[in-house]
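Here is a sequence together with a model predicted from it:
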Amino acid sequence: MDAIRVRGGRALKGDVKISGAKNAALPILCATLLADGPSLLRNVPALRDIDTTAALLRFLGCDVVINKETSEVRVAGTRLTRIEAPYELVKQMRASVLVLGPLLARHGKAKVSLPGGCAIGARPVDQHLKGLEAMGAKIRLERGYVIAEAPTGRLKGADFMFDMPTVGGTENIMMAAALAKGRTTLWNCAREPEIEELAKILNKMGARIDGAGTDVMHIDGVEQLAPFDHAIIADRIEAGTYMCAAAAVDGSDVRLSGVVLEDLEALVLKLRQAGVTVEREGEFVRVRRDGPIKPVNVTTAPHPGFPTDMQAQFLVVMTRAKGESVMTETIFENRFMHVPELLRMGAHIEIRGRSAIVQGVDTLEGASVMATDLRASASLVIAGLYSQGETEVRRVYHLDRGYEHMEQKLSALGADCERVKGAEG
Ligand code: EPZ
C-alpha cells in the first residue's frame with residue numbers, strides 16, 4: 001500500500017486548481033443510466049471512486065471511456081446486460097447504491113447489494129427504500145441484496161418526506177422520480193450544491209425538477225430522458241481542504257482557482273473567526289493567516305451548515321489554536337478516527353460523546369500514522385505539513401478515493417511531500 005511522506009514546516013505559497021467535485025460526479029455518472037445514447041461528463045477528477053463507478057457501469061453493460069488527460073468520461077448506457085450492482089463493487093464504494101433509482105426508473109427492476117456499514121458509521125439506506133416504496137416499488141431484502149421492482153413496469157409520482165436530510169437518498173429519489181408517471185413532491189430534502197448540480201443535469205436531459213437546493217422539491221415525471229454533455233462543478237470539499245492547509249501552516253499564502261465561495265460559506269465564516277484571511281482576488285480565492293489561530297467552536301450540520309466532510313480538516317487547524325475549541329459531529333456516529341492518530345503526533349484532544357475538545361499546542365511532532373477514511377487521511381496530511389519532522393501517512397488508498405494528485409498539488413505549493421510506493425500498510 002502507498003504512503004505519503006511529509007516533512008513539515010514549509011509555508012504553502014502559490015496557486016492551486018481545484019478539480020471537479022467527486023460527490024457531484026458520482027450521482028451524475030449514475031444518471032447516465034436514465035438515457036439512451038452517449039453522455040459526456042467534463043471536468044471529472046481522476047479518482048479511485050470514479051474508476052469504481054465506471055467498473056459498475058461497465059458491469060451493467062454500459063460502454064464507458066475515461067480520459068484522464070482531458071478529465072472527460074463518456075458513458076453510453078444504451079443496452080444494459082444486467083440490472084445488478086454486486087457486493088464486490090458496492091463494498092468498495094457505498095455510492096454504488098445510487099444506481100438503484102435509475103435502474104428501477106428505466107428498467108422497472110434492480111438488484112443492488114446493501115452497502116453495509118463503513119468506517120465512519122452504519123450509514124443505512126432506509127430512506128432510499130422508503131422513498132422508492134412510496135413511488136410504488138416492491139422491495140425485498142434477500143441475502144444482503146435489495147431486490148426492487150416496479151410492478152406495473154413504471155414508478156408513479158408520490159408525496160414523500162425524508163426523516164432527515166440525506167444526500168444520497170435525495171439523489172436516488174430524484175433520479176427515480178424523473179421518469180415516474182405523475183408528480184413527486186419531496187420534503188426535508190438535502191440542499192447540498194451537488195443536489196442542485198444533479199437537478200441541473202437531469203433538467204438538461206429533459207426532466208422537470210423544481211426546488212433543488214431547497215428542502216422541498218417538485219418533480220414531474222417525463223416519458224424519456226436524453227443524454228447530456230456537461231462540465232462538473234468544482235469540489236468544494238477539496239477546496240476547503242486546501243484552505244485548511246493554508247490556515248494551518250505558518251506563513252502560507254495560497255490562491256485557489258475554480259472554487260465557488262458561496263458553496264463554502266459556513267467554513268469560510270469559521271476560518272475568518274479563527275483569524276484566517278479568506279478573500280476573492282479576481283477568479284481566485286486567496287487564503288492566508290498573519291497572526292495566531294484563534295479557537296473556534298464548530299457543530300457539523302446538513303448544508304448550508306458546516307460540512308461534516310470538513311470536520312477532520314478544520315479540527316487539525318484547531319490543534320494549533322491559542323485556547324480550547326469544541327468540534328461536535330452530528331451527522332455520523334464515528335467520524336473522529338483521525339483523533340487517535342493526531343494524539344500520537346502530540347495533539348491535546350479529548351472525545352466526550354459526539355464532541356472533540358481540543359486544547360491548542362504550538363506544534364505537533366511528525367510520526368507514522370494510519371489513514372482510516374477519506375477525510376481523516378486528508379487531515380493527517382495537513383497535520384504533517386506543519387509538524388516538526390517527518391510524517392508518513394499510510395494506507396493512502398483512502399486519500400486516492402477523493403483527492404486528485406494531492407501530493408503533486410501540495411509540492412507545487414512548496415510542501416516537502418512525496419508518495420512512497422508499496423510502503424508498509
Ligand atoms: C454523502 O453521503 C457524501 N457522499 C458524504 O461524503 C457526506 O459525508 C454525506 O453525504 C453527508 O454530507 C457522497 O455524496 C458520495 P447522507 P451519504 O445520506 O449520501 C443518515 C465524503 O467524504 N441516513 O446524507 O451516504 C446517515 O446515517 C463522503 O466524500 C439514514 O439514516 O450521506 C447519516 O447520519 C463521506 N438513512 C445522515 O443520514 C438513509 O437512508 C446523512 O447521510 C440515509 C442516510
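In hand now; what should we look at? Being a predicted model, the structure only gives us computed values, none of them experimental.

for the residue of the stretch 201-350 of the chain found nearest the ligand, phi and psi?
Per CB to the nearest ligand atom, residue 309 is where the stretch 201-350 of the chain lies closest to the ligand, at 4.5 Å. For the C-beta atoms, the positions are set from N, CA and C on the backbone; glycine is no exception. For residue 309, the backbone dihedrals (degrees, to the nearest 10) come out as phi -70, psi -10.

Show me where the stretch 251-400 of the chain has its strands.
253-257, 276-281, 284-289, 298-299, 324-328, 348-352, 355-359, 368-370, 390-394 (DSSP state E, counting those that start in this stretch).

Any idea which of the ones you listed gets closest to residue 412?
Each of the strands of the stretch 251-400 of the chain was scored for nearness to residue 412 using CB to CB, and the closest is strand 253-257 (10.6 Å).

Burial check on residue 424, number of neighbours?
Neighbour count for residue 424, taken as other CB atoms under 10 Å: 10.

repeat for residue 362
Counted with other CB under 10 Å, residue 362 comes out at 9.

Quick check: closest non-adjacent residue to it.
Distance criterion CB to CB, 6 or more residues apart in numbering; nearest residue to residue 362, sequence neighbours excluded, is residue 320 at 7.3 Å.

Hmm, the one you found is touching residue 360, no?
Yes: taking CB atoms under 8 Å as the definition, residue 320 is a contact partner of residue 360 at 5.5 Å.

Now do the shared contacts for the two.
Between them, residue 320 and residue 360 share these contacting residues under CB atoms under 8 Å, 6 or more residues apart in numbering: residue 293.

These two - which one has more neighbours?
residue 320 (23 against 19).

give the contact list for the more buried one.
Neighbours of residue 320 in contact, by CB under 8 Å, 6+ apart: 248, 293, 360, 361, 362, 363, 386.

pretty sure the last one contacts residue 361?
No: counting by CB under 8 Å, residue 386 sits too far from residue 361 to count as a contact (10.9 Å).

okay, those two: which has more neighbours?
residue 386 (26 against 16).

so how far is residue 6 from the more buried one?
Distance, residue 386 to residue 6, using CB to CB, to the nearest Å: 10 Å.

Then residue 361?
Using CB to CB, we find residue 361 at a distance of 18 Å from residue 6.

interface residues of the protein facing the ligand?
The chain has residues 23, 26, 95, 121, 123-128, 164, 166-169, 190, 308-309, 331-332, 374-375, 402 near the ligand, with proximity defined as CB under 6 Å from any ligand atom.

Return a PyMOL selection command for the buried portion of the residues you listed.
Buried residues within these, by 16 or more other CB atoms under 10 Å, are selected in PyMOL with:
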select buried, resi 23+26+95+123+125+127+128+166+167+168+169+190+308+309+331+332+374+375+402
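
List the ones among the residues of the chain next to the ligand that fall in strands.
In this view, the residues of the chain next to the ligand have no member that belongs to strands under DSSP state E.

could the strands of the stretch 251-400 of the chain go into TSV alongside mean pLDDT and mean neighbour count?
Below are these laid out as TSV (pLDDT from 0 to 100; neighbours: other CB atoms under 10 Å):
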stretch	mean pLDDT	mean neighbour count
strand 253-257	98	20
strand 276-281	97	15
strand 284-289	98	20
strand 298-299	98	20
strand 324-328	98	19
strand 348-352	98	13
strand 355-359	98	20
strand 368-370	96	20
strand 390-394	97	23
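
any low-confidence regions in the stretch 101-250 of the chain?
For the stretch 101-250 of the chain, no stretch has pLDDT under 70.

Tell me where it has strands.
Counting by DSSP E, counting those that start in this stretch, the strands of the stretch 101-250 of the chain are 109-113, 138-142, 145-149, 159-161, 183-187, 208-210, 216-220, 229-231.

Run through who's touching the first one.
The reference is to strand 109-113. With contact meaning CB under 8 Å, 6+ apart, strand 109-113 is reached by 83-87, 89-91, 96-97, 99-100, 103-104, 144-150.

Then the last one?
By CB under 8 Å, 6+ apart, the residues outside strand 229-231 that reach it are 20, 28, 39, 40, 41, 42, 43, 200, 201, 204.

ranking the residues you listed by neighbours, who comes first?
The contacts of strand 229-231, ranked by neighbours (other CB under 10 Å): first place residue 28, 30 neighbours.

which element is that one on?
In this assignment (DSSP states H and E), residue 28 forms part of helix 22-31.

what mean pLDDT does that helix have?
Mean pLDDT, helix 22-31: 98.

confidence score at residue 78?
Looking at residue 78, the pLDDT reads 69.

before we move on, what about the one 5 residues further on?
Turning to residue 83, the model gives it a pLDDT of 93.

just checking, it touches residue 103?
Yes: the pair residue 83 and residue 103 passes the contact test of CB under 8 Å, sitting 5.1 Å apart.
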